[in-house]
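Chemist: sharing a model that was predicted from the sequence below.
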Amino acid sequence: MFFQTAFTVRPDRLVSATGPEDVRAAVRYAAEHGLGVTVTSTGHGLGGPVEGGVLVDTRAMDRVEVDPVARTARIGAGARWGQVVEAAAPHGLAPLNGSSPGVGVVGYLLGGGLGILGRTHGWAADRVRTVELVTADGAVRRLVPGDPAFGALLGGGAVHRFGVVTEVTVDLVPVARLYGGSIAFDAAAVEPAELLRGYVRWAEGLPATLTSSLAALVYPDLPALPPHLRGRYVLSVRVAFTGGAGDSGDAAEGERLVAPLRALGPALADSLRELPYTESPTIHADPDFPHAYWGDGILLDTADTGALAEVLRLTGPEAGRMAVVQLNHLGGALAEEGPASVPYRKAGWLVRALYPLDEAGTAPVRELHARVEEALAPRTLGRAVNFVFGDRGRTEGLYDPETAKRLAAVESELDPANLFG
């Protein structure tokens, strides 16, 4: 079962790989029989239907080994971030994972990797030490910083298919605890546009040791949901802070920094606290059940609160359908240059829009999202690779022209017959 359930998956051959040799055999078989190759582990970022060809499923390749002295983790292609967090925690270390523990490590890194500590530690793809890659000729290559293919793959490999990653080694950071959580506001009690303006003002004055986002969605009126959320339009600010003088300092300084947030209005719920890093998935509380969805990410140079307020209007109760919008504050270490092919590093903000799908398919959400794009167009730099869901084939805006040209050249060298599509 894949996490993304919107699309059919009907390959000619399915290979459940248990190691690099299985991957090599699958690639060679595909090349010999004129079949394309698709790769998946968790299925979070499934770009569309898979029809024909060879599908390599790496879920069984999920070994995680931590070296506490080198502060690294050696990770198999099928591992998920929750496994890495649990393996690193006994050593007082943490990976630069995203908000969901169920997301696959490799796909996240190939798209750049925007983590919950991003403003403090930068893009996760910049912290990769080695990559093992099976290329179209069936060879296993060990890529390291300085290799053009290494830099192209990390940040560019989610769109340009250079081969099949079988293993990565990544840096870990010395974080055992942090101050974080979320504070939720009911739109019936706090006007969304005012809350948005207050959040942006607050975020733009923060140190780089605090990473935050604002999420907005209308919860369905379902008995399975907590009573305080059912049927409400809720805006939540999520916080992760590691900038105090030690664990207790994180909590004390964190409380001081979030005080202006609490002054924005009455909270519907408030989970801000000191917590072990192993509890960091509770900050965003992403859904852990498979479902159907379509989504996109729009990178902005600056925050135009008028345009962002229009996005909230379009995707809020007036939308007539569920839309999940998240505004991520970027900057800090995310703006620094690094070895990975992460474009638009000077973007100050990211708007992530995710739309659950129903029997009507993608047409209604594409129409809604087109209006979101129009509202944000004057401030848009491009699109964020990690947050493009269910939109295989649409590549405009994912990379600036110079980066796109470089990635295409590396892809042409490694996969001249376009085996990986």
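Modeler: Okay, I see it. Residues are numbered from 1 along each chain as shown.
Chemist: pull the longest helix from this protein.
Modeler: For the chain, the helix that runs over the most residues, judged by DSSP state H, is helix 247-262.
Chemist: run a quick neighbour tally on Leu35.
Modeler: When counting by other CB atoms under 10 Å, one arrives at 17 neighbours for Leu35. To be clear about C-beta, it is placed using only N, CA and C from the backbone, and glycine gets the same treatment.
Chemist: ditto for Glu336
Modeler: Residues near Glu336, counting by other CB under 10 Å: 10.
Chemist: how about the strands in the stretch 51-200 of the chain?
Modeler: 54-57, 64-67, 72-76, 128-134, 140-143, 164-171, 177-186 (DSSP state E, counting those that start in this stretch).
Chemist: make CSV from those strands and add mean neighbour count, distance to Ala263 and mean pLDDT to it.
Modeler: Supplementary listing: the strands of the stretch 51-200 of the chain in CSV, determined by neighbours: other CB atoms under 10 Å; distance: least, CB to CB, whole Å; pLDDT from 0 to 100:
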stretch, mean neighbour count, distance to Ala263, mean pLDDT
strand 54-57, 23, 50, 96
strand 64-67, 16, 41, 98
strand 72-76, 24, 40, 98
strand 128-134, 22, 41, 98
strand 140-143, 16, 49, 96
strand 164-171, 23, 37, 98
strand 177-186, 24, 11, 97
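Chemist: in CSV, list the ones you listed along with distance to Gln4.
Modeler: Shown next, in CSV, are these (distance: least, CB to CB, whole Å):
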stretch, distance to Gln4
strand 54-57, 14
strand 64-67, 23
strand 72-76, 21
strand 128-134, 24
strand 140-143, 28
strand 164-171, 19
strand 177-186, 25
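Chemist: and Met322, which of the three is it?
Modeler: Judged by DSSP: H, G, I helix; E, B strand; the rest coil, the three-state class of Met322 is coil.
Chemist: just the buried positions in the longest helix of the chain, please.
Modeler: By neighbour count with 16 or more other CB atoms under 10 Å, helix 247-262 contains the buried residues 250-251, 253-255, 257-258, 261.
Chemist: mind checking the strands of the stretch 51-200 of the chain for the one nearest to Gly82?
Modeler: Of all the strands of the stretch 51-200 of the chain, strand 64-67 sits nearest to Gly82, with 10.1 Å by CB to CB.
Chemist: may I have the closest one as PDB, with CA atoms only?
Modeler: Extracted in PDB, the C-alpha atoms of strand 64-67 (Å, rounded to 0.1, in the frame of the first residue of the first chain):
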ATOM      1  CA  VAL A  64      19.800   2.600   9.700                       C
ATOM      2  CA  GLU A  65      23.300   2.600  11.300                       C
ATOM      3  CA  VAL A  66      24.400   5.500  13.500                       C
ATOM      4  CA  ASP A  67      28.000   6.400  14.100                       C
END
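Chemist: other SSEs contacting that strand?
Modeler: Helices and strands touching strand 64-67, by 3 or more CB pairs under 8 Å, 6 or more residues apart in numbering; DSSP states H and E, are strand 72-76, helix 81-88.
Chemist: name the strands paired with that strand and say parallel or antiparallel.
Modeler: Partner strands for strand 64-67, per DSSP bridges, with pairing direction: strand 72-76 (antiparallel).
Chemist: between the partner strand and strand 164-171, how many degrees?
Modeler: Put simply, strand 72-76 runs at 160 degrees to strand 164-171, going by axes from the mean of the first three to the mean of the last three CA atoms, to 10 degrees.
Chemist: Val39 bridge partners, please.
Modeler: On the basis of DSSP bridges, Val39 is bridged to Val56.
Chemist: now do the helices in the protein.
Modeler: Assignment of helices within the chain using DSSP H yields the ranges 20-32, 81-88, 105-110, 118-121, 148-156, 192-203, 247-262, 305-315, 363-376, 401-414.
Chemist: export these to CSV and tack on distance to Phe241?
Modeler: Output for the helices of the chain, formatted as CSV (distance: least, CB to CB, whole Å):
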stretch, distance to Phe241
helix 20-32, 40
helix 81-88, 18
helix 105-110, 22
helix 118-121, 9
helix 148-156, 26
helix 192-203, 12
helix 247-262, 5
helix 305-315, 23
helix 363-376, 28
helix 401-414, 32
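Chemist: show me what the longest helix of the chain is packed against.
Modeler: Using 3+ CB pairs under 8 Å, 6+ apart, helix 247-262 sits against strand 177-186, helix 192-203, strand 233-241, strand 273-276.
Chemist: need the contact list for Asn386.
Modeler: 45, 98, 108, 111-114, 158, 297 (CB atoms under 8 Å, 6 or more residues apart in numbering).
Chemist: against Pro260, how distant is it?
Modeler: Asn386 sits at a distance of 29 Å from Pro260 (criterion: CB to CB, to the nearest Å).
Chemist: ok, and the helix or strand in the chain with the lowest average confidence?
Modeler: helix 247-262 (a mean of 87; mean pLDDT, DSSP states H and E).
Chemist: what's in contact with that helix?
Modeler: Residues from elsewhere that reach helix 247-262 (CB under 8 Å, 6+ apart): 176-180, 183, 198-199, 202, 206, 210, 237, 239, 241-245, 270, 272-274.
Chemist: what do you get for stretch 195-209?
Modeler: Stretch 195-209 is contacted from outside by 119-120, 185, 187, 212, 214, 235, 237, 241-243, 257, 260-261, 264-265, 303, 305, 308-309, 312, 327, 329, 331-333, using CB under 8 Å, 6+ apart.
Chemist: switch to 7 Å and redo it
Modeler: Contacts of stretch 195-209 with the rest of the structure, by CB atoms under 7 Å, 6 or more residues apart in numbering, involve 119-120, 185, 212, 214, 235, 237, 241-243, 257, 260-261, 264-265, 303, 305, 308-309, 312, 329, 332-333.
Chemist: and for stretch 31-38?
Modeler: For stretch 31-38, the surrounding residues in contact (CB under 7 Å, 6+ apart) are 11-12, 27, 30, 50, 53-56, 136, 419-421.
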